[in-house]
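> Sequence first, predicted model second:
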Amino acid sequence: YSRRLGDAWLVGGASNLGCAVLRQEKFSVPELEALSLELDPLAAPALELQGYYPLCKPGERFPVNDPQKAPVLEPKPAERRDYLHA
């Protein structure tokens with residue numbers, strides 16, 4: 001969580017929003033564990049999947065306060081592994 005301090009931001013811990021989106025997409029814990037073993041964390045996801053902006057619903061506070069910011073969860077690849085990687 002991050003907080004504004006004057007014209008700067010105090011950066012806090014990572015959000016759990018990405019996890020919430022994966023749960024919303026019906027990933028199970030066993031599936032996440034299995035797919036995670038197949039991922040190369042040093043490899044970039046496919047270019048067409050790099051524009052994801054994982055939100056559960058519209059609205060964002062950081063890095064830009066935009067209550068209308070829409071989630072970007074498309075396109076969905078054929079393989080759920082690739083979706084998780086992105």
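All right, it came through fine.

> Every contact and neighbour count from this point should use C-alpha atoms.
OK.

> how about the helices of the protein, start to end?
Assigned by DSSP state H, the chain shows helices spanning 17-24, 29-38, 80-85.

> now for these, which one comes closest to P63?
Nearest to P63 among the helices of the chain is helix 17-24; the distance by Cα to Cα comes to 14.2 Å.

> and that closest one with helix 29-38, angle?
120 degrees (axes from the mean of the first three to the mean of the last three Cα atoms, to 10 degrees).

> returning to that earlier point: now the helices of the chain in CSV, with mean pLDDT?
Formatted as CSV, the helices of the chain follow (pLDDT from 0 to 100):
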stretch, mean pLDDT
helix 17-24, 85
helix 29-38, 95
helix 80-85, 92
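
> Redo the ones you listed as CSV? Include mean neighbour count and distance to P63.
Shown next, in CSV, are the helices of the chain (neighbours: other Cα atoms under 10 Å; distance: least, Cα to Cα, whole Å):
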stretch, mean neighbour count, distance to P63
helix 17-24, 14, 14
helix 29-38, 12, 27
helix 80-85, 17, 22
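
> out of these, which comes closest to Y53?
Short answer: helix 17-24, nearest of the helices of the chain by Cα to Cα, at 9.1 Å.
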